[in-house]
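Q: Requesting a structural model of the entry that follows:
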Amino acid sequence: MDDSTDSEDQTDDTEEEQEPAYDIESYRHALTEARRTLDQQLQAFNDVNEKAWRIVQLNGLIATVYVTAVANALDGLTFSVCSILLVALGLSSMGVSVLLASEGQKATTVNIGQSAEAFESLRSNDPPEIKYLYRTLEDYESWISQVNEKTEINGTTVNRAKRLSIIGVVFITVGSILAFVQ
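A: Down below sits the predicted model:
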């Protein structure tokens with residue numbers, strides 16, 4: 001019976017030796033890269049938000065200058081139906097541009113770090129370092145994906161706002177020139 005116990009112990013030792021060896025240092029490096037990638041994604045996200053805000057400001061400035069210029073030159077302008085339609089279309093386009101830029105600036109909640117519950121779970125479960133590193137790396141993967149997806153959506157919306165703003169300025173300019181020429 002002792003022989004069977006010894007062979008079982010040897011089998012257990014062999015099974016333990018067959019577990020994959022994890023390189024903790026590789027996981028640490030991967031986490032460093034994940035942090036850097038998330039920081040870059042967040043910077044891109046902030047850049048899109050700043051671009052959206054600049055579009056809103058520019059549209060406000062253009063509309064203010066236009067209304068002031070028209071008010072000062074009202075005596076010399078003759079607005080035909082065509083010029084009124086072009087100006088109205090341009091102002092509407094700029095209004096929609098502001099709405100899109102505001103939508104593109106709106107941030108949904110994205111997770112950019114461990115939650116308090118994750119730290120509490122870590123303390124209560126006291127996992128081995130490799131499990132902690134593995135789980136944290138998985139979390140970074142999802143955070144990077146969330147921020148990247150939101151940045152792409154916001155970027156597309158803000159680019160549409162920029163195009164509409166340019167179209168609006170063109171329509172307003174053409175409508176004003178027609179009003180001035182007539």
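Q: can we go C-alpha only for contacts and neighbour counts from here?
A: OK.
Q: how much space between Leu61 and Ser145?
A: 36 Å (Cα to Cα, to the nearest Å).
Q: Comparing those two, which residue is more hemmed in?
A: More crowded of Leu61 and Ser145, by other Cα atoms under 10 Å: Ser145, with 15 against 11.
Q: any idea which helix or strand carries that one?
A: Element membership of Ser145 [criterion: DSSP states H and E] is helix 129-181.
Q: pLDDT weak spots in this protein?
A: 1-22, 107-113, 115, 118-119, 182 (pLDDT under 70).
Q: what residue lies at the spatial centre of this structure?
A: For the chain, the residue nearest the mean C-alpha position is Thr151 (2.3 Å; Cα atoms, centre = their mean).
Q: which residues touch that residue?
A: Counting by Cα atoms under 8 Å, 6 or more residues apart in numbering, Thr151 makes contact with Gln41, Ala44, Phe45, Val48.
Q: how about these in TSV, adding neighbour count and distance to Thr32?
A: As requested, the contacts of Thr151 are arranged in TSV below (neighbours: other Cα atoms under 10 Å; distance: Cα to Cα, whole Å):
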residue	neighbour count	distance to Thr32
Gln41	21	14
Ala44	17	19
Phe45	21	20
Val48	24	25
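Q: Among the residues you listed, which ones are in helices?
A: Among the contacts of Thr151, the ones falling in helices (DSSP state H) are Gln41, Ala44, Phe45, Val48.
Q: Relative to Leu74, which of those is nearest.
A: Val48 (38.3 Å; Cα to Cα).
Q: any idea how far Asn148 is from the residue nearest to that closest one when sequence neighbours are not counted?
A: Distances taken as Cα to Cα, 6 or more residues apart in numbering put Gly155 closest to Val48, at 5.8 Å, once the chain neighbours are dropped. The spacing between Gly155 and Asn148, counted by Cα to Cα, is 10 Å.
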